[in-house]
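> Just a sequence and a predicted model for now, questions to come.
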Amino acid sequence: MASGEEQATAEPSLEETAAWAETLYAGAADKAGAPMAAHARRVAEQLSTLFPQALEAERHAAWLHDVLEDGHASADEIAARGYSARVIELVEAVSRRRDLTYQNWIDAIAASGDAGAIRIKLADLSDNLDPERLAALPQETAARLSKRYARAQETLLAALSRLT
């Protein structure tokens, strides 16, 4: 390699992403008190099950989908680990925007036309709507979230169907 040339670094493997996500989410819990790392794993699995055509960048982003939102890592930290701009873009796309209501944020994801972001959020919603997860919440909270997530799922499925 000539001096001054940069050696390209390969993006981490999915196994490395899974391990990093487990580390990032260590000790963090979801609304029901269950480990966040387990949620990330299920979202990654849901993405593969629901959307076998999902691209590698989407698979990485599924593991990392909550790291920005929950403050476990920054976009700069993700980039420093060698992830592509597309992975970072996807993680940012599915990270909750606090300047929008929940449904307006979902509408923004749907309107983006980004099939990858829509697929990741649908995988996340699939896990959030799991009856076992909802049963671990107080009944009133479960009912409220179930309604919110079902509406979001409907919005995103409609958007995805327009793209294909």
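Nice, I can see it. Numbers count the residues shown, from 1 in each chain.

> For the rest of this, base every contact and every neighbour count on C-alpha atoms.
Noted.

> Quick check: end-to-end length of stretch 59-79?
16 Å (C-alpha to C-alpha, to the nearest Å).

> now swap in stretch 39-59 and tell me
Using C-alpha to C-alpha, the end-to-end distance of stretch 39-59 comes out at 14 Å.

> now the helices for the protein?
Listed in chain order, the helices of the chain (DSSP state H) span 14-24, 36-50, 56-64, 75-80, 85-94, 102-112, 115-128, 131-135, 139-163.

> which of those helices sits most buried?
Counting by mean count of other C-alpha atoms under 10 Å, helix 56-64 has the highest mean neighbour count of the helices of the chain, with a mean of 26.

> remind me which residues of this structure are low pLDDT?
Where the chain drops to pLDDT under 70, the residues are 1-9.

> Now do stretch 88-101: distance to the chain's middle.
10 Å (C-alpha atoms, centre = their mean, to the nearest Å).

> about what we covered before: possible to save the helices of the chain as JSON lines with distance to Asp30?
Output for the helices of the chain, formatted as JSON lines (distance: least, C-alpha to C-alpha, whole Å):
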{"stretch": "helix 14-24", "distance to Asp30": "14"}
{"stretch": "helix 36-50", "distance to Asp30": "5"}
{"stretch": "helix 56-64", "distance to Asp30": "15"}
{"stretch": "helix 75-80", "distance to Asp30": "22"}
{"stretch": "helix 85-94", "distance to Asp30": "17"}
{"stretch": "helix 102-112", "distance to Asp30": "17"}
{"stretch": "helix 115-128", "distance to Asp30": "10"}
{"stretch": "helix 131-135", "distance to Asp30": "10"}
{"stretch": "helix 139-163", "distance to Asp30": "13"}
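
> And for Gly33, the neighbour number?
Residues lying near Gly33 (other C-alpha atoms under 10 Å) number 10.

> quick one: it and Ala61, what's the gap?
Using C-alpha to C-alpha, one obtains 23 Å as the distance from Gly33 to Ala61.

> go on, Ala117?
9 Å.

> Common neighbours of the two, please.
Here Ala117 and Ala61 share the contacting residues Leu90, Val91, scored by C-alpha atoms under 8 Å, 6 or more residues apart in numbering.
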